[in-house]
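> Structure for the following, please:
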Amino acid sequence: MKIIQIVGRSNSGKTTFIKTLIPELRKQGRVAVVKHLGHHDFLLEKGKDTTEFFDTGAEISVGIDKDKTVISLRETAPDIILKILSTQQIDFVIIEGYKTKSFPKIVIGDLKTENAVLFNPTIREVVASLHLFQNYDT
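Next up is the predicted model:
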């Protein structure tokens, strides 16, 4: 599982870049995205059973419909989430944010950071440079 970390200042275009990168990576394998919600919390919909299960203490609450599964976990450590993803035959994990993590990074915009390997690349440049991103081993 390759970790592709994408960092940049707020409103630099990270999400737009990732939305364009995902379909290209899907041509080569399964893709997961982990987004650091640094400036806001994710809100679970009030009054729904899965929210109430989580709010009353469930470690994991799962809702499944005909198209998707939504999972709420109490775990917030990115390293644990990566371990969970590694058990799901994921080939690429895109991490948006977590600037202080030590993975090789793609920088969008003018952010100065350590471990940057690509600056404002095209999607084609990222795909051609996948060898620069480390494989995650648990």
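> where does the protein have low pLDDT?
39-40, 138 (pLDDT under 70).
> Longest strand in it, please.
strand 2-8 (DSSP state E).
> C-terminal to it, what's the next element?
helix 14-26 (DSSP states H and E).
> and for that next one, what are the contacting residues?
4, 6-8, 31, 33, 91-92, 94, 96-97, 106, 108, 123, 126-127 (C-beta atoms under 8 Å, 6 or more residues apart in numbering). Glycine gets a C-beta too; all of them are placed from N, C-alpha and C.
> Try it again at 10 Å.
2, 4, 6-8, 13, 31-33, 35, 91-97, 106-109, 111, 120-124, 126-127, 130 (C-beta atoms under 10 Å, 6 or more residues apart in numbering).
> Flag every buried residue along the host helix or strand of residue 32.
Element membership for residue 32, per DSSP H and E: strand 31-35. For strand 31-35, burial by neighbour count (16 or more other C-beta atoms under 10 Å) applies to 31, 32, 33, 34.
> Spit out the contact partners of the residue most central in space within the chain.
The chain has residue 34 as the residue nearest its centroid, 1.9 Å off, counting by C-alpha atoms, centre = their mean. By C-beta under 10 Å, 6+ apart, the contact set of residue 34 is 3, 5, 78, 81, 82, 85, 93, 94, 95, 96, 97, 98.
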